[in-house]
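J.: sharing a model prediction with you, sequence too.
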Amino acid sequence: MSKDGLRIDWETVEDLLIESCESEIPKPKPQPRRSSRTAKIELLVRELTLHLRSAADLAHASGELLPRPTQQELARRTGISKSDVSRCIKDPSANQLRLLWQTADDPDAVLRLPRKQLR
């Protein structure tokens, strides 16, 4: 006890210091929601499917091939960022998207696509 009759509760002081130190520790960034990435993958699958339909129709009609859209073009068409397009293509669960991406860059594969399969 001090001269003025005040008593310091050191346990409380220690607890307050520990709490204040813990609150200053930066919290890790939350992981992106899986459903958000899944929705973007589905959007990209739809866009590449539309591209492949057009490419196959043109290839069968005239023998020309539409070039595969760039990741930047896909981002513009779908309204998502270029980095999200890249992440989606690299996503281990995006097998269909990667297959469509590779097919769009292979003229022989586009010509082999059955027309009804892309409808």
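T.: Arrived safely, thanks for sending. Numbering: from 1, shown residues only.

J.: residue 69 against residue 101, yeah?
T.: No - using CB atoms under 8 Å as the test, residue 69 is too far from residue 101 to be in contact (9.5 Å). To be clear about C-beta, it is placed using only N, CA and C from the backbone, and glycine gets the same treatment.

J.: what residue ranges in the chain score low on pLDDT?
T.: Along the chain, segments meeting pLDDT under 70 span 1-4, 13, 16-34, 115-119.

J.: for it, longest helix please?
T.: In the chain, taking DSSP state H as the definition, the longest helix is helix 34-62.

J.: which elements pack onto that one?
T.: helix 71-78, helix 82-90, helix 95-103, helix 107-112 (3 or more CB pairs under 8 Å, 6 or more residues apart in numbering; DSSP states H and E).

J.: so which of the ones you listed gets nearest residue 40?
T.: helix 82-90 (5.2 Å; CB to CB).

J.: helices or strands up against the closest one?
T.: Short answer (3+ CB pairs under 8 Å, 6+ apart): helix 82-90 packs on helix 34-62, helix 71-78, helix 95-103.

J.: give the contact list for the closest residue to residue 98 other than its chain neighbours.
T.: For residue 98, ignoring the flanking residues on the chain, the nearest one in space by CB to CB, 6 or more residues apart in numbering is residue 89 at 6.2 Å. Contacts for residue 89 (CB atoms under 8 Å, 6 or more residues apart in numbering) come out as 44, 71, 97, 98, 101.
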